[in-house]
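[1] Sequence and computational prediction follow.
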Amino acid sequence: MFDLSRLRVLHAVAGHGSLAAAAQALHLTPSAVSQQMAKLEREAGCALAERQGRRLRLTDEGRVLAAHADRILSAVAEASADLDERRGRVLGQVDLGAFATAARGLVPAVLRTCAQRYPDLRIRLREVEPYQSLGLVAAGDLDVAVAQDWMNLPVAVPERLASADIGLDFADIALPQGHPLAARDGIALLDLADEPWIASTAGTICHDWLTTTFRRAGHEPRVVHQAAEFPTQLALVAAGLGVAVVPRLAADSVPPNVSLVPVEPALHRRVFAVWRAEAARRPAIQAVVNALKESFAP
């Protein structure tokens, strides 16, 4: 008989490839994960993983058991959702992931609303990029993720995940005071093709959107600075160091010497929630998704 918590550890190791990453996803120490893996190997009567540098590679037996673990954990999640649905109560814990702007500008209101409405519900927030959050939901490391994609660069939602749109987050161009285009009512994005750009960090969806959009139009954006947070980008714009695209969800603290000018035609990103399909009937999941929709006001 295999212990369910140890199968969950194996599932995390299989999905993340290292003890440290699995431990972070499970909110355990690497030592605890290592101990659980050792106990599971004794239960299985064979080696399930072997080290390759800093990573762990599952053995053939480990991959077989990990595939069974995936199905078992999905069945357990579905059973839990069925029971929660029958009880009709919003309770338990929901691990919520959100990209940085949503974690600051949207999720606090959601946490407050849910705390007032559902005293038996615990929500634990984790800030994470959309590229990573969808995989974490699919792997069972998150229950719900708030993700985003851009109108011309959609993100593929993995199989077995359900999703719902939260809202459209329109974006403006941030220009330094005195810029020749700052007084306009609207700016075409390609009018800024030769400007110095302040972008999100490479490897993020916002950076990919900027470079892809210009390259499709035959231009290479001149990215002079990269910053993960939009307040940092706005500070660089205020210093006259370049221009930036700023979604309105992130425009809560614009420096006085920065002008925000709408993009023509209108530019927006889609904010959406994802969760595992087998957990869709769980009242807590629907409560969190509904609160996200209610609280969205970019």
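    Great, that's in hand. Numbering: from 1, shown residues only.
[2] contacting residues around stretch 174-184?
    By CB atoms under 8 Å, 6 or more residues apart in numbering, the residues outside stretch 174-184 that reach it are 173, 187, 191-192, 233-234, 237-241, 243-246, 254, 257-261. C-beta coordinates here come from the backbone N, C-alpha and C atoms, glycine included.
[3] Which parts of that stretch count as buried, going by neighbours?
    With burial defined by 16 or more other CB atoms under 10 Å, the residues of stretch 174-184 counted as buried are 174-176, 179, 182, 184.
[4] what's the longest helix seen in the chain packed up against?
    When every helix of the chain is counted residue by residue (DSSP state H), the longest turns out to be helix 60-87. Helices and strands in packing contact with helix 60-87 are listed as helix 4-16, helix 30-44, helix 283-295; criterion 3 or more CB pairs under 8 Å, 6 or more residues apart in numbering; DSSP states H and E.
[5] can you rerun that using 10 Å?
    helix 4-16, helix 30-44, strand 49-52, strand 55-58, strand 268-276, helix 283-295 (3 or more CB pairs under 10 Å, 6 or more residues apart in numbering; DSSP states H and E).
[6] can you redo the ones you listed as CSV with mean pLDDT and distance to Leu153?
    What follows is the helices and strands packed on helix 60-87, written out as CSV (pLDDT from 0 to 100; distance: least, CB to CB, whole Å):
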stretch, mean pLDDT, distance to Leu153
helix 4-16, 84, 25
helix 30-44, 84, 35
strand 49-52, 83, 34
strand 55-58, 83, 30
strand 268-276, 96, 9
helix 283-295, 95, 22
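[7] Looking at those, which is nearest to Gln148?
    Closest approach to Gln148 among the helices and strands packed on helix 60-87 (CB to CB): strand 268-276, 5.0 Å.
[8] Are any of the contacts of stretch 174-184 buried, and if so which?
    173, 187, 192, 233-234, 237-238, 243-246, 254, 258-261.
[9] Please flag which of those residues sit within strands.
    Using DSSP state E, the members of those that fall in strands are 173, 244-246, 258-261.
[10] Report the buried residues of stretch 192-211.
    192, 195, 197-200, 204-211.
[11] where does the stretch 151-298 of the chain have low pLDDT?
    298 (pLDDT under 70).
[12] possible to save the helices and strands packed on helix 60-87 as TSV with distance to Ala162 and mean neighbour count?
    Formatted as TSV, the helices and strands packed on helix 60-87 follow (distance: least, CB to CB, whole Å; neighbours: other CB atoms under 10 Å):
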stretch	distance to Ala162	mean neighbour count
helix 4-16	19	22
helix 30-44	29	16
strand 49-52	31	14
strand 55-58	28	17
strand 268-276	6	22
helix 283-295	9	20
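[13] Tell me which of those sits nearest to Leu136.
    Nearest to Leu136 among the helices and strands packed on helix 60-87 is helix 4-16 (8.5 Å), distances taken as CB to CB.
[14] How far does the closest one sit from its chain's centre?
    Here helix 4-16 is found 21 Å from its chain centre; the criterion is CA atoms, centre = their mean, to the nearest Å.
[15] and that helix, what does it pack onto?
    Contact here means 3+ CB pairs under 10 Å, 6+ apart; on that basis helix 4-16 packs against helix 19-26, helix 30-44, strand 49-52, strand 55-58, helix 60-87, helix 130-138.
[16] and the angle for it with helix 60-87?
    Orientation check (axes from the mean of the first three to the mean of the last three CA atoms, to 10 degrees): helix 4-16 against helix 60-87 gives 120 degrees.
[17] CA atoms only for helix 4-16, dumped as PDB, please.
    Extracted in PDB, the C-alpha atoms of helix 4-16 (Å, rounded to 0.1, in the frame of the first residue of the first chain):
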ATOM      1  CA  LEU A   4      -0.800   9.200  -0.600                       C
ATOM      2  CA  SER A   5       1.400  12.000   0.700                       C
ATOM      3  CA  ARG A   6       4.500  10.200  -0.600                       C
ATOM      4  CA  LEU A   7       2.900   9.700  -4.000                       C
ATOM      5  CA  ARG A   8       2.300  13.500  -4.000                       C
ATOM      6  CA  VAL A   9       6.000  14.000  -3.400                       C
ATOM      7  CA  LEU A  10       6.900  11.700  -6.300                       C
ATOM      8  CA  HIS A  11       4.400  13.600  -8.500                       C
ATOM      9  CA  ALA A  12       6.100  16.900  -7.600                       C
ATOM     10  CA  VAL A  13       9.600  15.500  -8.200                       C
ATOM     11  CA  ALA A  14       8.500  14.100 -11.600                       C
ATOM     12  CA  GLY A  15       7.100  17.500 -12.600                       C
ATOM     13  CA  HIS A  16       9.900  19.700 -11.300                       C
END
